[in-house]
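# with the input below, show me the fold.
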Amino acid sequence: MEIQEAVRRYLQTSGFGQMALKTAMFDMDGVLFDSMRNHARCWHETMTHFGFDFPEWEAFLHEGRTGGGTINIVSQRERGHDATAEEIEEMYRYKSELFDQCPEAEPMPGAYSLLKKVKGSGITPMVVTGSGQRILLKRLQKNFPYIFRQELMVTAFDVKKGKPDPEPYLMGLEKGGCFLSNSTEGTLKANESIVIENAPLGVEAGVAAGVFTIAVNTGPLPDETLYEAGANLLFPSMQALCDQWEELLGALQKTTTM
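Modelled structure (predicted):
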């Protein structure tokens, strides 16, 4: 879909006359870091160990969901009932131990260049992730120096509901508004931000929050899966999005419903 046409359609359906872009909210796994392959392999090995059928590609469908939610979906499918709390704890611990043995994921190609372009355009980058890593900020500062601030991050510790619920991105709008207004109160409107996601559940969350949502298909799922989740626009990689940032920014700044 042409970029300008995608923006125009969003404005028509959302009821906004134009965009007023102030922040850009980035998911982390599969967007900033090439980490989803590790997660997928570990979920596959865990499910196999406990007697469930779970191909690696299916992990991309559940990305953003809680571990217990993913386990229960598979348990319901194969056993007709939820897993017990003890089973969930044991399986998630097993998966976490496998993941801790994986090499540290590299930054996604094109991610840092894009972030520098975004910030250079006067737009504030934010992170909205379901991750609960305690060293998250340190890791982001190491790989993307001078880009992110702790007060502009939404993690698993900030929300009660994970993606596909809109709460993470609504929280992002709230945090962005408070930061930019230098106040404890002040929420950005949905047309003052964009979402960059790679997973269907994350796309659903961004769309449900009313924000223009860009999908980057960095995994094995067909493009249709991300469009069906509601993506306003899709790029095949972070590098492709970086290469077309100027065109996208121009469309976001100039397109109106007039």
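# so who does the residue nearest to the spatial centre of the chain touch?
Averaging the C-alpha coordinates of the chain gives a centre point, and the residue nearest to it by CA atoms, centre = their mean is Asp27 (2.9 Å). Taking CB atoms under 8 Å, 6 or more residues apart in numbering, we find Asp27 in contact with 64, 127-129, 195-199, 202. For every residue, glycine as well, the C-beta is placed using N, CA and C.
# name the helix or strand for Thr225, please.
Using DSSP states H and E, the element containing Thr225 is helix 223-228.
# now swap in Ala40 and tell me
helix 36-49.
# which stretches of the stretch 1-150 of the chain have low pLDDT?
Filtered on pLDDT under 70, the stretch 1-150 of the chain yields the residue ranges 1, 132-135.
# what ranges do the strands span in it?
Assigned by DSSP state E, counting those that start in this stretch, the stretch 1-150 of the chain shows strands spanning 23-26, 124-128.
# who does the first one pair up with?
Pointing back at strand 23-26 there. Strand pairing for strand 23-26, using DSSP bridges, gives strand 124-128 (parallel), strand 193-197 (parallel).
# name the residues that touch it?
By CB under 8 Å, 6+ apart, strand 23-26 touches 32, 115, 118, 123-128, 152, 154, 169, 172, 176, 180, 188, 192-196, 206, 211.
# buried ones among those?
32, 115, 118, 123-128, 152, 154, 169, 172, 176, 188, 192-196, 206, 211 (16 or more other CB atoms under 10 Å).
# right, and Ser131 touches Gly30 too?
No. Taking contacts as CB atoms under 8 Å, Ser131 lies outside contact range of Gly30: 11.3 Å.
# what about these two, which has more around it?
Gly30 (26 against 17; other CB atoms under 10 Å).
# ok, now which ones touch that one?
36, 60, 63, 108, 198-199, 216, 218-219.
# try it again with 10 Å
36-37, 39-40, 60, 63-64, 105, 108, 197-199, 202, 216-219, 238 (CB atoms under 10 Å, 6 or more residues apart in numbering).
# which ones among those lie within helices?
Residues of those located in helices (DSSP state H): 36-37, 39-40, 60, 202, 238.
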